[in-house]
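Visitor: structure here, sequence nowhere to be found:
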């Protein structure tokens, strides 16, 4: 007898990129380079002291409101403390928003393809989901606007987008936000904010002009703290209050709070990551050009590559040799893969294998 | 214009026990003894090495399935790996269960008063909530059974209960579970499982007899890892599958996974905590008797004390002197407070202040 919600049968769970530990276990490989989950290639060693200090308090629940982190982040962002909501990764901010806003009959607009969690969690929350196709790998706000109807409650915008790497700029976003009904909540997912170019939206300014806006960011990408789980929303105090209502009281663990506090102090690490990412993206671009592989220019720490055929062959070839990339079939992009900017040596290992694979294919020697 | 769900207006958020850091900040006190949140009085120093090791991987997302922890816990509990679901604390297991099972029109049965999160999260999930009063501070399964109707979807049972400390035993629970309709999901919250007495339910045996059962446990109490956030459900593989569908993919952080894996190895710490708790509870009991304070015998690491008047006076008296207890007005217990078993010295400091307060009150010298 089925007693769970029948809608769940039709929902496919999110499949994370293969973890390094899993590939090591399954293939018995020592050296594994993961270029699959848009993680930071370096770990922030400077959190060690703070993490160690927190071990002595680990028998105690974390502060529900992330007091010290909130204080530091509000000064860093120049927003009021009451405008911030912390989540167990920004994934949780997405879920909290849906749980706080979606009522029976509500619709959610998402791009297609884009980050999968919006649609998965929207459907779990009972919302109808309307997909708006990308145009040439970019969000079309014009087309999104056309799909707005009286049931539209939330519009999700990944900016920059994952997995395409494209972005909408300040002017485009501003005119969109000011032209749509005020009663629609716009969710701006800025997980890759730190990598974005100069004409990227100044979303905190836009928040002053249009209240029904949630901007979410994360410590998982440029800050190198994906394993800690810490994301946050910047929004109006009124929306923050309702997100906090549906939030579990101890959703952000002590280690994450302590580590993120250090991360805000240590700007050197962040600068290094951003500089490295720029440089290595250029390396990817130039190598892809040499290999005649079309790709999408990216405002993030990953690049989408347009492959000429199904990606299973190249994916498995790389996997068996210890390099994990991301196939995008499940996201709705056929014949494309995504590769994260890793350490320089890992990026070179990837390009070398890619070149090998292509040359083997040309000479008919490709094998699994 | 309100665009969030109107039900949220009537929901009062959970108010956590005052954190040590907050009391230090607000009252400028150096020494603060928190006996308010049923935390373990000791921190598990043996996790330090594992936590340090994890710093090097912290730029990577955690394993979504908690591979190594799952393996270890399934052997420890003698259940299949597919029967376990991990949560960001067992709070999250409660939320996941509601999100996976509650449909429009469903009702949830909760005791009253009991742990507040069931009702808060049930209402957020859109369920109707039916309260069944405790009888003499204990769950009345008989009365719960009477309130079952065709809309009853989930019954929450805190066993042992928080904040009363009472429990239902194996025989009572078994006959209840086997006498109610099979289509009702029973949620057994066993957060204090490790402290419970010999005739406590063998709930994993009951799970074999009745499928629609979720048993949740936590590393936050006896294991001393509240700050890490790690709880888990043991259930049928079918229910585990749907809970995993609504779960965010990276809900358990790396430090928590690493620490809990160590906790399962280190049985000495757990034994010490349980022995200490037994001994100190007896100390509390004997002191309360001397002070003519009625209390409820507890199967947990805390004791509910029946105070003769509003608890604000004693609460504030203790707070100003650096001892935090828990008032229970907001939970529905008027004139009762809850005190957690702390370190021996902290428990003695609490009893000393309690004695002082009572003796001041008798001689009319009580002040804030």
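Guide: Thanks, I have the structure now. No experiment lies behind these values; they were computed from the predicted model shown. Numbers count the residues shown, from 1 in each chain, chains lettered A, B, ... in the order given.

Visitor: wait, residue A:61 sits on residue B:227?
Guide: Yes - counting by C-beta atoms under 8 Å, residue B:227 is a contact partner of residue A:61 at 6.4 Å. C-beta: built from backbone N, CA, C; applies to glycine.

Visitor: the more surrounded of those two?
Guide: For residue A:61 versus residue B:227, the count of surrounding residues by other C-beta atoms under 10 Å in any protein chain shown is larger for residue B:227: 28 against 25.

Visitor: how much space separates the residue found closest to the more buried one once you drop the neighbours it is linked to in the chain from residue B:259?
Guide: The spatially closest residue to residue B:227, leaving aside those adjacent along the chain, is residue A:254, at 3.6 Å (C-beta to C-beta, 6 or more residues apart in numbering or on different chains). Remark: distance between residue A:254 and residue B:259 (C-beta to C-beta, to the nearest Å) = 11 Å.

Visitor: need the residues touching each of these two.
Guide: Listed as contacting both residue A:254 and residue B:259 by C-beta atoms under 8 Å, 6 or more residues apart in numbering or on different chains are A:58, B:228.

Visitor: now the end-to-end length of stretch A:322-337.
Guide: Counting by C-alpha to C-alpha, to the nearest Å, you get 16 Å between the two ends of stretch A:322-337.

Visitor: buried residues, it. List them.
Guide: Using 16 or more other C-beta atoms under 10 Å in any protein chain shown as the test for burial, stretch A:322-337 gives A:322-328, A:331-333, A:336-337.

Visitor: what's the burial count for the residue nearest to residue B:227?
Guide: Residue A:254: 26 surrounding residues under other C-beta under 10 Å.

Visitor: enumerate every residue touching it.
Guide: A:54, A:57-58, A:60, A:62, B:227-228.

Visitor: just those residues now: which is nearest residue B:188?
Guide: Distances from residue B:188 to the contacts of residue A:254, taken as C-beta to C-beta, are shortest for residue B:228 (22.5 Å).

Visitor: what about the closest one, how many residues close to it?
Guide: For residue B:228, the count of nearby residues is 32 (other C-beta under 10 Å).

Visitor: from what I can see it touches residue A:253, true?
Guide: Yes - counting by C-beta under 8 Å, residue B:228 touches residue A:253, with 5.6 Å between them.

Visitor: which neighbours do those two have in common?
Guide: In contact with both residue B:228 and residue A:253: B:253, B:255-256, using C-beta under 8 Å, 6+ apart.

Visitor: pLDDT score for residue A:366?
Guide: Residue A:366 is assigned 52 on the pLDDT scale.

Visitor: okay, residue A:360 and chain B: tell me how far apart.
Guide: From residue A:360 across to chain B, the span is 30 Å (C-beta to the nearest C-beta, to the nearest Å).

Visitor: OK, now which residue of the stretch 251-368 of chain A is nearest to chain B?
Guide: When you check the stretch 251-368 of chain A against chain B by C-beta to the nearest C-beta, the closest residue turns out to be residue A:254, at 3.6 Å.

Visitor: backbone phi and psi for residue A:105, please?
Guide: Dihedral angles phi and psi of residue A:105 (degrees, to the nearest 10) take the values phi 90, psi -10.

Visitor: contacts only, for it.
Guide: With contact taken as C-beta under 8 Å, 6+ apart, residue A:105 is in contact with A:128, A:151.

Visitor: where's it relative to residue A:150, distance?
Guide: Separation of residue A:105 from residue A:150 (C-beta to C-beta) stands at 10 Å.

Visitor: just to be sure, residue A:186 is in a helix?
Guide: No - read with DSSP: H, G, I helix; E, B strand; the rest coil, residue A:186 is strand and lies in no helix.

Visitor: please enumerate the helices of chain A.
Guide: Remark: helices assigned in chain A by DSSP state H are A:20-27, A:48-55, A:67-77, A:90-101, A:117-124, A:141-146, A:170-179, A:203-209, A:237-246, A:254-265, A:267-290, A:312-320, A:344-362.

Visitor: spell out which parts of the stretch 201-350 of chain A neighbour chain B.
Guide: Residues of the stretch 201-350 of chain A lying near chain B by C-beta under 8 Å from any C-beta of the partner chain: A:212, A:220, A:224-229, A:239, A:242, A:244-246, A:248-251, A:253-256, A:259.

Visitor: one more pass at 7 Å, please.
Guide: By the rule C-beta under 7 Å from any C-beta of the partner chain, the part of the stretch 201-350 of chain A lying against chain B is A:212, A:224-229, A:242, A:244-246, A:248-251, A:253-256.

Visitor: if we can go back for a sec, can you say which two of the buried residues of stretch A:322-337 are spatially most distant?
Guide: A:322 and A:332 (27.9 Å).

Visitor: what is the burial count for residue A:185?
Guide: By other C-beta under 10 Å, the residues close to residue A:185 number 23.

Visitor: surely it is in contact with residue A:154?
Guide: Yes - between residue A:185 and residue A:154 there is a contact under C-beta atoms under 7 Å: 4.7 Å.

Visitor: and for those two, which residues touch both?
Guide: Taking C-beta atoms under 7 Å, 6 or more residues apart in numbering or on different chains as the criterion, residue A:185 and residue A:154 both touch residue A:101.

Visitor: okay, the buried residues of stretch A:322-337 in a markdown table with pLDDT and distance to residue A:287 next?
Guide: Compiled in a markdown table, these are given as follows (pLDDT from 0 to 100; distance: C-beta to C-beta, whole Å):
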| residue | pLDDT | distance to residue A:287 |
| --- | --- | --- |
| A:322 | 95 | 19 |
| A:323 | 96 | 14 |
| A:324 | 96 | 18 |
| A:325 | 97 | 14 |
| A:326 | 97 | 18 |
| A:327 | 97 | 20 |
| A:328 | 96 | 20 |
| A:331 | 92 | 24 |
| A:332 | 93 | 26 |
| A:333 | 94 | 21 |
| A:336 | 98 | 17 |
| A:337 | 98 | 15 |
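
Visitor: restricted to strands, list the residues you listed.
Guide: A:323-324, A:326-327, A:336-337 (DSSP state E).

Visitor: let me know the pLDDT of residue A:271.
Guide: At residue A:271, the predicted lDDT confidence score is 98.

Visitor: again, but for the one 5 residues further on
Guide: Residue A:276 is assigned a predicted lDDT (pLDDT) of 98.

Visitor: how far away is it from residue A:270?
Guide: Distance of residue A:276 to residue A:270, given as C-beta to C-beta: 11 Å.

Visitor: could you do residue A:217 as well?
Guide: From residue A:217 across to residue A:270, the span is 13 Å (C-beta to C-beta).

Visitor: neighbour count for those two, which is higher?
Guide: With neighbours defined as other C-beta under 10 Å, residue A:217 and residue A:270 compare such that residue A:217 has more, 24 against 17.

Visitor: bridged to that one, which residues?
Guide: Under DSSP bridges, the beta-bridge partners of residue A:217 are residue A:232.

Visitor: is it true that it touches residue A:190?
Guide: Yes - because the distance of 5.0 Å satisfies C-beta under 7 Å, residue A:217 is recorded as touching residue A:190.
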